[in-house]
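K.L.:
next comes the sequence, and after it the predicted model I'd like to discuss.
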Amino acid sequence: MNTAARADFLGRFAPFEGLEPAEREAIAAAAAEREYDGGEAILLEDGTPSEHLFVVRDGSVELVHQAEVVDVLGPGESFGHPSLLSGLAPAFTVRARERTACILIPREAAVAVFSAPAGPGYLAASLRHRMVQTGHVVHALPELGAIRVAELIGRPPIFCGGALTIQRAAQLMTDDHASAILVRDGGNLSILTDAVLRERVVAGEMSAGSPVSLIVRPAVQVGPERIAVDAVVEMLAAGTDHIVVVDETRQVLGVLSATDLAGLETRSPFALRHAILQARDETELVAAAQRLRPLFLALLDAGVGPLDVGRVLSLQVESLTARLIELSISSRGPTPAAWAWLALGSTARRELTLGSDQENALAYDAEGDEADAYFACLGEDVTRGLVRCGFALDPNDVVASNALWRLPARRWTEVFRECLDTPDRSHLIRANVAFDFRQVAGSLEATPPLVAVLRDAKDHPDLLRRLARSATDFKPPLGFRGSLANGKGLDLKTGGTIPIANLARFYALSNGITISGTTARLEAVQAAGAIDAETGAALREAFEIVMRIRLENHASQLEAGAEPTNVVAPESLPPLTRAQLREAFRAIAHAQKLLSVYVPLGI
């Protein structure tokens, strides 16, 4: 790429777009280019300080912190500047995900970039984004290694005497569908496994008519409280493929094989995210996505809280989305302009469930049919891929494949402003969806102007009145004297989580608060004095109760072989759970009643 082409490329992205053409030309002339093989480290965490500002030209890189991928950067995105400007070691390892080309801008030229008017803002925004992203990844990847071996025992052990023939012992194992059998000799505990049978009998010299005592081996024993990950290490160190779980009285509780412990992979958010990010094509990605449901069940089994489960699922779907975008761009060629993929709704709030629809949008820094044609294909590729991965389209078609939700960045700002200035029915519907947004991919800084518009919402009383009405439209399913309504079932989404999310959105926007998460909004508006402490605490508790019951309902449906829905039969709930749900609905109804002052008649 020559200097002019390099300057043109840089001019499409922040912070270079704010430079004068001559300044960009000088930066481009001072820069060099380098290619990196997939997997090659460009910067090392806690290694030598960076000597350049790097800009991805082609391909992609991943930011890795303590062996976990925190973020993926594509063309036009920069890295290395915190280390370059501070002289400190990099906070991340930066690694090429594929064959990648970068533009390397030397220190003096980089300082000139960040000294320009747009430089400090970009520097602050990028540092904040990476700090926040690191926190979100850490919180959305709970360590399920805390699973104890006792939780993995699925069947009682089988025993035989040492004098029993090998052939008979093997038959007992076959009849019990077991891969091991135990032999107790006084205080000694031995084990015979499939692997030993193959080694010593099938492929060895031992006769099947010999006593089993001749080929058994000492059993590796662990207590029921042993962490499963530690048990794997102990198994490997002993060179065996089975461990025996015994209690403090030396009673045998069960036998676990390497296969049982390998199954922990389906219970690991880390392993699933790695599989998603490394999928070579859409088929592999769809296969990885099939592990999301077992992971969900494992999260609940491990006692992970409902709000944290939502964060885990949201991060996994973000990872699926990012990989689908990469695959689409790899197939269709470079994008014609900088772009931003926006998650909307529950994914933006990090409150996703297996019963949620996909809602997303696309912003791009270009005008005209040619650019839209490219991004229409990108939107179609990603939304179709998410459907294949198990996530249904929003019934109102709030997805980037729809031209209404795929717009130039300038137009998105105008649409947000129109929602404030003329909050008719169509704009109000759009506001209730689009005002919960979060950028999950792309180099275009699309969100700052949208956030600036949201801060002005508090000065638009007509919009606030209509948002208040929408916050009271979805009533909790309560019957006579506040009892749970009878009928075909309770919709925990429309009667529970949606009204709380709408209430939180109203209070946040009416107080200039622009964060998206429901409980975070409620905490912020309570701190601002917009709602009293009792109401704020009640709504947060109600939200967590409804989410917990909603997720448990999904788990029960999955285990029964059904698709997860948000409808639960009240009679199927235990009495205490019914009582908690009733009180949660009452808290919602009380908070909605407090909004009556904002709701004009006839609207």
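P.N.:
Done, it's in. Here the structure is a predicted model, which is why all the values come from computation and not from measurement.
K.L.:
residue ranges with poor pLDDT in the stretch 401-550 of the chain?
P.N.:
486-487 (pLDDT under 70).
K.L.:
can you map out the strands along it?
P.N.:
406-408, 437-441, 490-491 (DSSP state E, counting those that start in this stretch).
K.L.:
which one, of these, ends up nearest to Leu386?
P.N.:
strand 437-441 (12.3 Å; Cβ to Cβ). All C-beta atoms are positioned from the backbone trio N, CA, C, and that covers glycine.
K.L.:
picking that back up, could you dump the strands of the stretch 401-550 of the chain into TSV and include distance to Arg586 and mean neighbour count?
P.N.:
Shown next, in TSV, are those (distance: least, Cβ to Cβ, whole Å; neighbours: other Cβ atoms under 10 Å):
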stretch	distance to Arg586	mean neighbour count
strand 406-408	41	20
strand 437-441	31	22
strand 490-491	14	23
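K.L.:
which among these is found nearest to Gly345?
P.N.:
Of all the strands of the stretch 401-550 of the chain, strand 437-441 comes closest under Cβ to Cβ, at 8.7 Å.
K.L.:
show me what the closest one is packed against.
P.N.:
helix 306-332, strand 339-344, helix 345-348, helix 447-455 (3 or more Cβ pairs under 8 Å, 6 or more residues apart in numbering; DSSP states H and E).
K.L.:
can you name the residues in contact with the third one?
P.N.:
Outside helix 345-348, the residues within contact range by Cβ atoms under 8 Å, 6 or more residues apart in numbering are 310, 314, 317-318, 342, 352-353, 356-360, 394, 398, 433, 436-438, 516.
K.L.:
average pLDDT for it?
P.N.:
The pLDDT scores in helix 345-348 average 92.
K.L.:
right, and the helix or strand after that helix?
P.N.:
strand 360-364 (DSSP states H and E).
K.L.:
one step back: of all the strands of the stretch 401-550 of the chain, which one comes closest to Leu182?
P.N.:
Short answer: strand 490-491, nearest of those by Cβ to Cβ, at 48.8 Å.
K.L.:
if we can go back for a sec, Gln592 is nearest to which of the helices and strands packed on strand 437-441?
P.N.:
helix 345-348 (20.2 Å).
K.L.:
so how far is that closest one from its chain's centroid?
P.N.:
Relative to its chain's centre, helix 345-348 lies at 11 Å (Cα atoms, centre = their mean, to the nearest Å).
K.L.:
so, low pLDDT: which residues of the stretch 51-200 of the chain?
P.N.:
Checking the stretch 51-200 of the chain against pLDDT under 70 turns up 66, 138-147.
K.L.:
make TSV out of the helices and strands packed on strand 437-441 and add distance to Asn188 and mean neighbour count.
P.N.:
What follows is those, written out as TSV (distance: least, Cβ to Cβ, whole Å; neighbours: other Cβ under 10 Å):
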stretch	distance to Asn188	mean neighbour count
helix 306-332	44	22
strand 339-344	58	24
helix 345-348	56	25
helix 447-455	66	16
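K.L.:
select, out of those, the one closest to Tyr122.
P.N.:
Closest among the helices and strands packed on strand 437-441, using Cβ to Cβ: helix 447-455, at 10.2 Å.
K.L.:
now do the closest one: which elements does it pack against?
P.N.:
Counting by 3+ Cβ pairs under 8 Å, 6+ apart, helix 447-455 packs on helix 409-421, strand 437-441.
K.L.:
the last one: partners in the sheet, and parallel or antiparallel?
P.N.:
Looking at strand 437-441 with DSSP bridges, its partner strands are strand 339-344 (antiparallel).
K.L.:
list of residues touching the strand it pairs with?
P.N.:
With Cβ under 8 Å, 6+ apart as the criterion, strand 339-344 contacts 314, 318, 321-322, 325, 348, 359-365, 375, 378, 382, 398, 400, 409, 433-434, 436-447.
K.L.:
and the angle from that strand to helix 306-332?
P.N.:
Interaxial angle of strand 339-344 relative to helix 306-332 (axes from the mean of the first three to the mean of the last three Cα atoms, to 10 degrees): 150 degrees.
K.L.:
next, the angle strand 360-364 makes with strand 339-344.
P.N.:
160 degrees.
K.L.:
per the annotation, how does this protein divide into domains?
P.N.:
Domain ranges of the chain: 3-139, 149-258, 268-455, 461-598, per automatic domain parsing.
K.L.:
centre of the chain to the second one, how far?
P.N.:
Think domain 149-258. That offset, for domain 149-258, works out to 39 Å (Cα atoms, centre = their mean).
K.L.:
go on, stretch 566-582?
P.N.:
28 Å.
K.L.:
now do the end-to-end distance for stretch 9-20.
P.N.:
14 Å (Cα to Cα, to the nearest Å).
K.L.:
from Val137, how far off is the residue nearest to the spatial centre of the chain?
P.N.:
Central residue of the chain (Cα atoms, centre = their mean): Leu315, 1.0 Å from the mean position. Distance from Leu315 to Val137, counting by Cβ to Cβ, to the nearest Å: 7 Å.
K.L.:
what's the answer for Val304, then?
P.N.:
16 Å.
K.L.:
quick one: which of those two has more around it?
P.N.:
Val137 (21 against 18; other Cβ atoms under 10 Å).
K.L.:
that one and Leu444, how far apart?
P.N.:
For Val137, the distance to Leu444 (Cβ to Cβ) stands at 22 Å.
K.L.:
same check, this time on Pro49
P.N.:
With Cβ to Cβ as the criterion, Pro49 and Leu444 are 29 Å apart.
K.L.:
what is the burial count for Pro117?
P.N.:
With other Cβ under 10 Å as criterion, Pro117 counts 9.
K.L.:
assign it to helix, strand or coil.
P.N.:
Assigned by DSSP: H, G, I helix; E, B strand; the rest coil, the conformation of Pro117 is coil.
K.L.:
backbone dihedrals for it, please?
P.N.:
phi -50, psi -40 (degrees, to the nearest 10).
K.L.:
same deal with Val216?
P.N.:
phi -70, psi 160.
K.L.:
what confidence value was assigned to it?
P.N.:
93.
K.L.:
likewise for the one 10 residues further on?
P.N.:
In the prediction, the pLDDT value recorded for Arg226 is 83.
K.L.:
higher neighbour count, Pro49 and Leu444?
P.N.:
Just comparing Pro49 and Leu444: by other Cβ under 10 Å the higher neighbour count belongs to Leu444, 24 against 15.
K.L.:
surely Ala508 and Ile515 touch.
P.N.:
Yes. Using Cβ atoms under 8 Å, Ala508 is in contact with Ile515, at 7.0 Å.
K.L.:
more neighbours: which of these two?
P.N.:
Counted by other Cβ under 10 Å, Ala508 and Ile515 do not tie: Ala508 has more neighbours, with 27 against 14.
K.L.:
what sits against the nearest residue to the more buried one once chain neighbours are set aside?
P.N.:
Of all residues not flanking Ala508 in the chain, Arg521 sits nearest, at 4.2 Å (Cβ to Cβ, 6 or more residues apart in numbering). For Arg521, the contact set (Cβ under 8 Å, 6+ apart) comprises 504-505, 507-508, 513, 515.
K.L.:
same check, this time on Glu544
P.N.:
305-307, 519.
K.L.:
give me the lowest-pLDDT entry from those.
P.N.:
For the contacts of Glu544, the pLDDT minimum is Gly305, 88.
K.L.:
and that one, what does it touch?
P.N.:
544, 548.
K.L.:
from Glu151, how far off is it?
P.N.:
18 Å.
K.L.:
surely Ala485 is in contact with Ala569?
P.N.:
No. In this structure, Ala485 is not within contact of Ala569 by Cβ under 8 Å, at 11.9 Å.
K.L.:
wait, isn't Asp301 in contact with Arg148?
P.N.:
No. Contact criterion Cβ under 8 Å: Asp301 and Arg148 do not qualify, at 11.5 Å.
K.L.:
and the two? Which one has more around it.
P.N.:
Arg148 (17 against 13).
K.L.:
dig out what that one forms beta bridges with.
P.N.:
With DSSP bridges as the rule, Arg148 is bridged to Ile227.
K.L.:
how about the strands in the stretch 51-200 of the chain?
P.N.:
Going by DSSP E, counting those that start in this stretch, the stretch 51-200 of the chain shows strands at 52-58, 61-65, 68-73, 78-79, 93-96, 100-106, 180-185, 188-193.
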